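When you get a sec, could you give me coordinates for this:
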Amino acid sequence: MDWLFAQPVDSVSVFSNRIILIVAMTGVASAALAGLAMMTVGGGKYAALGTVSVPIAFLAGFFFFLGLPPAWSTDPLHILPYVIVLGLLAGIVIDTLFHIEDLRLAVVLAWPAIVVVGIGWQEMPDFATIAGLPMAVLWLSAVLGYLWMGLEHKSQATPIVCLFAVTVGLGLLAHVGGSKIVTILSGILGAALLGFWALNWPNVRFPLLATGNLGIAGAVLAVAVMEALYTPTPVEAIALLMLVLVMPPIAARLPFGSGAKAGPIVLLLTCLLPIAGAVALAQHLK
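Next up, the predicted model:
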């Protein structure tokens, strides 16, 4: 299957039956994998491994959409699945052999930098000019997001809701900017997150820990880097979208915002504010 970056953009239809089927099947696959994890690892020592359902389902949807990547390529789109696999494997190793607290600083500082540079390395010669701002904004947003929400979430769905909201926002911004490929990738990733969330709510069965933070959050960050560096989406709109990450304490103060069942829904509705603001700003700067 040819890579869509090599095809005319007009040949890609965001709402074609094929794309809708891929997005839907990605969500189903993510929920099914989470259910399988529930029956195998359960809530024991390796519960965090249940979060592999999101990156695995996303990669499956990615491959159905774009085909298998070349063994060696410098195209950022080709590099993206390798970055996600690297984060997934690193997270599994950390959660299996170590404790996340022992490597917190490395996860918080190093992994966002690896993702940003891995996807955006071609823009590094322009780091001091046009590429530096979006790369710095995304790295800082990821670091603050890890620190703000923490790396251990054993009793609430806050991180998944925020990551889902960011992904939805990225898809809308890409659609406004006319980037069909990033719009579709955001849809596939959003479906994977939604499928996982369906099996992880109202009772959180799978803490993110390293596997979730490197695999799931790493995938969201990778798509954000692609959009910031290789699409017309203005970095100001992406920076505004990242305010989603500071919505949890605001949502928690709203009616029903702290409940296990209604809390995630209240948070998602609260996240619509920065999403709407980012989309409006992108429309204004278009």
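
Show me what counts as buried in the strand or helix carrying residue 276.
Using DSSP states H and E, residue 276 maps to helix 263-285. Buried residues in helix 263-285, counted by 16 or more other Cβ atoms under 10 Å: 263-268, 270-271, 274-275, 278-279, 281-282. C-betas here are computed from N, CA, C, even on glycine.

least confident pick among those residues?
In terms of pLDDT, residue 263 ranks lowest among the buried residues of helix 263-285, with 82.

Tell me, how many residues neighbour the closest residue to it other than its chain neighbours?
Excluding its sequence neighbours, the residue lying closest to residue 263 (Cβ to Cβ, 6 or more residues apart in numbering) is residue 257, at 5.6 Å. Residue 257: 19 surrounding residues under other Cβ atoms under 10 Å.

Reduced to three states, what does residue 257 come out as?
coil (DSSP: H, G, I helix; E, B strand; the rest coil).

which residues touch it?
251, 263, 266-267, 270 (Cβ atoms under 8 Å, 6 or more residues apart in numbering).

what about 6 Å?
251, 263, 266 (Cβ atoms under 6 Å, 6 or more residues apart in numbering).

which one of the residues you listed is nearest residue 93?
Using Cβ to Cβ, residue 263 is the member of these that lies nearest residue 93, at 32.1 Å.

roughly how far apart are that closest one and residue 253?
11 Å (Cβ to Cβ, to the nearest Å).

Give me the local confidence score for residue 203.
73.

what's the nearest residue to it if we skip its chain neighbours?
Nearest to residue 203 is residue 260, by Cβ to Cβ, 6+ apart, at 7.3 Å.

Can you list the neighbours in contact with stretch 20-35?
So stretch 20-35 is contacted by 50, 53-54, 57, 60-61, 64-65, 187-188, 191-192, 194-196, 198-199 (Cβ under 6 Å, 6+ apart).

Pull out the buried positions in it.
Quick answer for stretch 20-35 (16+ other Cβ under 10 Å): 22-23, 25-27, 29-31, 33-34.

got it, and stretch 50-68?
By neighbour count with 16+ other Cβ under 10 Å, stretch 50-68 contains the buried residues 50-62, 64-66.

Inside helices: which ones of those?
Under the assignment DSSP state H, these contribute 53-62, 64-66 to helices.

Which single one of the residues you listed is nearest to residue 115?
residue 55 (12.6 Å).

Quick check: the closest one vs residue 176, distance?
27 Å.

what about residue 142, which helix or strand?
Going by DSSP H and E, residue 142 is in helix 132-149.

mind checking the end-to-end distance for stretch 246-257?
14 Å (Cα to Cα, to the nearest Å).
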